[in-house]
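[1] Here is the input, now give the coordinates:
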Amino acid sequence: MYVYSYKRKEGGCPAGLWDGLGLEEQMGKKGTLPYVMAVTGAGGKTSFIRRLAWEGASLGRRVLVTTTTHMARPEHLGVFTQQVRDVKSMLDRESVAVAGRLTGEGKISSLEPDFYESICPEADLVLVEADGSKRLPLKVPRPGEPVIPGNTDMILCVSGLTALGFPAADKCCRLDFALEIMEEHGRRDYMDGGQWIIGLEDLGCLMLHGYLNPLRSRYMGIPVIPVFNQADTLKLAEVSLRLLREMNEDLGIALGGLHQDVSASLF
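    Presented below is the predicted three-dimensional model:
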């Protein structure tokens, strides 16, 4: 796994997501823990959360993972009892707990709001999978999405580079909303030949107008950070950093290799 952190007029390859996102500084500024991060978009949200949880535990932090929608049932570290003591016990023992309600479909769903609020103080860091994407690498949210908890301190917006070069109909969740954005903000020739093949410029356009701008308007004062995942070669990482620069972002993340990462079997 490798991480590239883009900062305007800077750059580099930090030790991990923790450093790349400046989490130690962000948590210190808040002062009172937990620090809550909502992860939205498509293209590896769970893998991204898993890596952050692994880094946090490695640094001696207690990390709670949950969802406001649905996520795959964890093979390890799961707590499904809706009991605060069970979440606390898992955090005491393993430093990471994945809490949710079993759906019977190999997934977990969102917690009751009161229970969510009662277990957050047991952790230093809370990671919330706040969006669904039907396992596709690209998404544009519909009204009411993503589902961001009220106590969120940072929002991450993920897009997967494996969508590049493929028909949008095969790789994009909520295609109808993506088409609306492309019609208004996209490149003029995006439907050249009658079929929309996803290009790099399109990823930036959909990220900006589907997630970054709307979320920044809705959650003023909260960092909303773009993440380009599945940059599994140096060339793709460089492409991602160039895109972040062209988007005029202050901070962004490009990363790859999560499927082979040490954190892949955490839960």
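
[2] now the helices: where do they sit in the stretch 101-250 of the chain?
    For the stretch 101-250 of the chain, the helices defined by DSSP state H, counting those that start in this stretch cover 113-119, 168-171, 175-185, 200-207, 213-218, 234-246.

[3] Going by mean pLDDT, which of those helices comes out lowest?
    Ranked on mean pLDDT, the bottom entry among the helices of the stretch 101-250 of the chain is helix 234-246, at a mean of 91.

[4] Report the angle between it and helix 200-207.
    For helix 234-246 against helix 200-207, the angle by axes from the mean of the first three to the mean of the last three C-alpha atoms, to 10 degrees is 50 degrees.

[5] For helix 234-246, buried residues please.
    236, 237, 239, 240, 241, 243, 244 (16 or more other C-beta atoms under 10 Å). (C-beta placed from N, C-alpha, C; glycine too.)

[6] elements contacting that helix?
    With contacts taken as 3 or more C-beta pairs under 8 Å, 6 or more residues apart in numbering; DSSP states H and E, helix 234-246 sits against strand 2-7, helix 200-207, strand 224-229, strand 251-256.

[7] so which of the ones you listed gets nearest residue 47?
    Closest of these to residue 47 is strand 224-229, at 7.4 Å (criterion: C-beta to C-beta).

[8] For residue 173, list each beta-bridge partner.
    Bridge pairing for residue 173 (DSSP bridges) gives the partners residue 139.

[9] Hmm, it is touching residue 131, no?
    No - between residue 173 and residue 131 there is no contact under C-beta atoms under 8 Å: 9.2 Å.

[10] now the closest residue in space to residue 123 that isn't next to it in sequence: how far from residue 220?
    What sits nearest to residue 123 in space, not counting adjacent residues and going by C-beta to C-beta, 6 or more residues apart in numbering, is residue 64, at 3.7 Å. Relative to residue 220, residue 64 is positioned 26 Å away (C-beta to C-beta, to the nearest Å).

[11] quick one: which of the two has more around it?
    residue 64 (27 against 8; other C-beta atoms under 10 Å).

[12] I figured residue 186 hits residue 205, correct?
    Yes - between residue 186 and residue 205 there is a contact under C-beta under 8 Å: 5.1 Å.

[13] In three-state terms, label the spatially most central residue of the chain for me.
    Note on the chain: the residue nearest the mean C-alpha position is residue 39, at 3.2 Å, using C-alpha atoms, centre = their mean. Of the three states, residue 39 takes strand according to DSSP: H, G, I helix; E, B strand; the rest coil.

[14] dump the residue contacts of residue 252.
    The contact partners of residue 252, by C-beta atoms under 8 Å, 6 or more residues apart in numbering, come to 5, 6, 225, 226, 227, 228, 240, 241, 244.

[15] Quick one: residues contacting residue 160.
    The neighbours of residue 160, taking C-beta under 8 Å, 6+ apart as the test, are 42, 43, 44, 137, 138, 229, 230.

[16] residues near the nearest residue to the first one once chain neighbours are set aside, how many?
    Ranked by C-beta to C-beta, 6+ apart and with sequence neighbours excluded, the top spatial neighbour of residue 42 is residue 133, at 3.4 Å. Counted with other C-beta under 10 Å, the burial measure for residue 133 works out to 24 neighbours.

[17] Check the gap between residue 44 and residue 211 for me.
    As defined by C-beta to C-beta, residue 44 lies at a distance of 15 Å from residue 211.

[18] Tell me the bridge partners for residue 65.
    For residue 65, the residues forming beta bridges with it (DSSP bridges) are residue 98, residue 127.

[19] wait, it sits on residue 266?
    No - at 9.4 Å, residue 65 does not count as touching residue 266 under the criterion of C-beta under 8 Å.

[20] Of the two, which one has the most company?
    Higher neighbour count among residue 65 and residue 266: residue 65, with 30 against 21, using other C-beta under 10 Å.
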